[in-house]
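Q: got a sequence here, can you model it:
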Amino acid sequence: MVNFVPLGERVIVKPTEQDQQTKGGIYLPDTAKEKPQEGEIVAVGPGRVSDDGNRIPMELSKGDKVIYSKFAGTEYKDGDDEYLILRESDILAKIS
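A: Residues are numbered from 1 along each chain as shown. Below you'll find the predicted structure:
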(Lines give C-alpha, C1' and ligand atoms only; values in the text may rest on other atoms or scores of the structure.)
Protein backbone atom coordinates (compact mmCIF):
# COMPACT_ATOMS: atom_id res chain seq x y z
CA MET A 1 0.00 0.00 0.00
CA VAL A 2 1.44 3.34 -1.07
CA ASN A 3 1.05 6.26 1.33
CA PHE A 4 1.35 8.91 -1.40
CA VAL A 5 -0.44 9.72 -4.67
CA PRO A 6 1.23 10.78 -7.93
CA LEU A 7 0.15 14.03 -9.59
CA GLY A 8 -0.46 14.77 -13.26
CA GLU A 9 1.12 12.31 -15.69
CA ARG A 10 3.25 10.55 -13.09
CA VAL A 11 3.19 6.92 -11.99
CA ILE A 12 4.72 5.16 -9.01
CA VAL A 13 6.63 1.98 -9.85
CA LYS A 14 7.95 -0.67 -7.48
CA PRO A 15 11.11 -2.04 -9.16
CA THR A 16 11.37 -5.82 -9.39
CA GLU A 17 14.05 -7.50 -7.34
CA GLN A 18 17.08 -8.77 -9.23
CA ASP A 19 18.78 -12.10 -8.75
CA GLN A 20 21.58 -11.98 -6.20
CA GLN A 21 23.32 -14.93 -7.77
CA THR A 22 24.61 -15.40 -11.32
CA LYS A 23 23.84 -18.50 -13.37
CA GLY A 24 27.34 -19.74 -12.51
CA GLY A 25 26.61 -19.54 -8.76
CA ILE A 26 28.52 -16.32 -7.92
CA TYR A 27 26.78 -14.02 -5.43
CA LEU A 28 26.66 -10.35 -6.47
CA PRO A 29 27.15 -7.55 -3.94
CA ASP A 30 24.80 -4.55 -4.14
CA THR A 31 27.53 -2.44 -5.76
CA ALA A 32 27.86 -4.88 -8.69
CA LYS A 33 24.15 -5.07 -9.52
CA GLU A 34 22.69 -3.07 -12.38
CA LYS A 35 19.76 -0.72 -11.82
CA PRO A 36 16.49 -2.53 -12.52
CA GLN A 37 14.52 -1.49 -15.60
CA GLU A 38 11.36 -3.46 -14.86
CA GLY A 39 8.70 -2.93 -12.27
CA GLU A 40 5.03 -2.97 -11.36
CA ILE A 41 2.89 0.15 -11.24
CA VAL A 42 1.42 0.65 -7.77
CA ALA A 43 -0.28 4.04 -8.33
CA VAL A 44 -1.23 6.23 -11.30
CA GLY A 45 -1.89 9.96 -11.48
CA PRO A 46 -5.00 11.41 -13.14
CA GLY A 47 -3.19 12.32 -16.39
CA ARG A 48 -1.90 15.54 -17.85
CA VAL A 49 -3.93 18.60 -18.80
CA SER A 50 -3.70 19.72 -22.42
CA ASP A 51 -3.28 23.35 -23.49
CA ASP A 52 -7.03 23.72 -24.02
CA GLY A 53 -7.79 22.51 -20.46
CA ASN A 54 -8.92 18.96 -21.20
CA ARG A 55 -7.47 16.12 -19.15
CA ILE A 56 -5.71 13.43 -21.19
CA PRO A 57 -6.23 10.07 -19.42
CA MET A 58 -3.30 7.75 -18.67
CA GLU A 59 -2.64 4.71 -20.87
CA LEU A 60 -1.29 2.79 -17.87
CA SER A 61 -3.10 1.42 -14.84
CA LYS A 62 -2.29 0.00 -11.43
CA GLY A 63 -0.86 -3.52 -11.64
CA ASP A 64 0.72 -3.12 -15.09
CA LYS A 65 4.23 -4.54 -15.42
CA VAL A 66 6.45 -2.12 -17.33
CA ILE A 67 9.94 -1.49 -18.69
CA TYR A 68 11.27 2.02 -18.09
CA SER A 69 14.32 4.09 -18.98
CA LYS A 70 17.40 3.13 -17.00
CA PHE A 71 18.13 6.49 -15.36
CA ALA A 72 14.63 7.98 -15.37
CA GLY A 73 12.55 9.16 -12.46
CA THR A 74 13.04 9.96 -8.82
CA GLU A 75 13.77 7.31 -6.22
CA TYR A 76 11.71 7.43 -3.03
CA LYS A 77 11.93 5.22 0.04
CA ASP A 78 8.84 4.71 2.23
CA GLY A 79 9.87 2.63 5.24
CA ASP A 80 11.63 -0.45 3.88
CA ASP A 81 9.99 -0.18 0.44
CA GLU A 82 11.71 1.57 -2.46
CA TYR A 83 9.69 3.21 -5.23
CA LEU A 84 10.38 5.13 -8.40
CA ILE A 85 8.27 8.12 -9.45
CA LEU A 86 8.24 8.39 -13.25
CA ARG A 87 6.53 10.40 -15.95
CA GLU A 88 4.35 8.36 -18.26
CA SER A 89 6.70 9.25 -21.13
CA ASP A 90 9.65 7.58 -19.31
CA ILE A 91 7.91 4.20 -19.58
CA LEU A 92 9.03 2.38 -22.70
CA ALA A 93 6.73 -0.67 -22.79
CA LYS A 94 4.10 -2.74 -20.99
CA ILE A 95 4.92 -6.39 -20.36
CA SER A 96 2.01 -8.71 -21.07
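
Q: all strands for the protein, in order.
A: All strands of the chain, identified by DSSP state E, fall at 10-15, 38-44, 48-49, 55-56, 65-68, 74-78, 81-87, 91-95.

Q: can you give me the end-to-end span of stretch 44-58?
A: Taking Cα to Cα, to the nearest Å as the measure, stretch 44-58 stretches 8 Å from start to finish.

Q: for that stretch, what does the pLDDT average out to?
A: Confidence for stretch 44-58, expressed as mean pLDDT, is 91.

Q: ok now that stretch, how far from the chain's centre?
A: Offset of stretch 44-58 from its chain centre (Cα atoms, centre = their mean, to the nearest Å): 19 Å.

Q: now do the same contact list for the residue positioned nearest the centre of the chain.
A: Nearest to the geometric centre of the chain sits Val13, at 2.7 Å (Cα atoms, centre = their mean). For Val13, the contact set (Cβ atoms under 8 Å, 6 or more residues apart in numbering) comprises 39-42, 66, 68, 73, 83-86. All C-beta spots, glycine's among them, are computed from the backbone N, C-alpha and C.

Q: pretty sure Val11 contacts Met58?
A: Yes: using Cβ atoms under 8 Å, Val11 is in contact with Met58, at 7.4 Å.

Q: more crowded one of these two?
A: Remark: of Val11 and Met58, Val11 carries more neighbours, 26 against 18, as counted by other Cβ atoms under 10 Å.

Q: show me the beta-bridge partners of that one.
A: Bridge pairing for Val11 (DSSP bridges) gives the partners Val44, Leu86.

Q: re the thing from before, who touches both of Val11 and Met58?
A: 44-45, 88.

Q: could the strands of the chain go into TSV alongside distance to Gly24?
A: Converted to TSV, the strands of the chain look like this (distance: least, Cβ to Cβ, whole Å):
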stretch	distance to Gly24
strand 10-15	24
strand 38-44	22
strand 48-49	46
strand 55-56	47
strand 65-68	26
strand 74-78	30
strand 81-87	27
strand 91-95	26
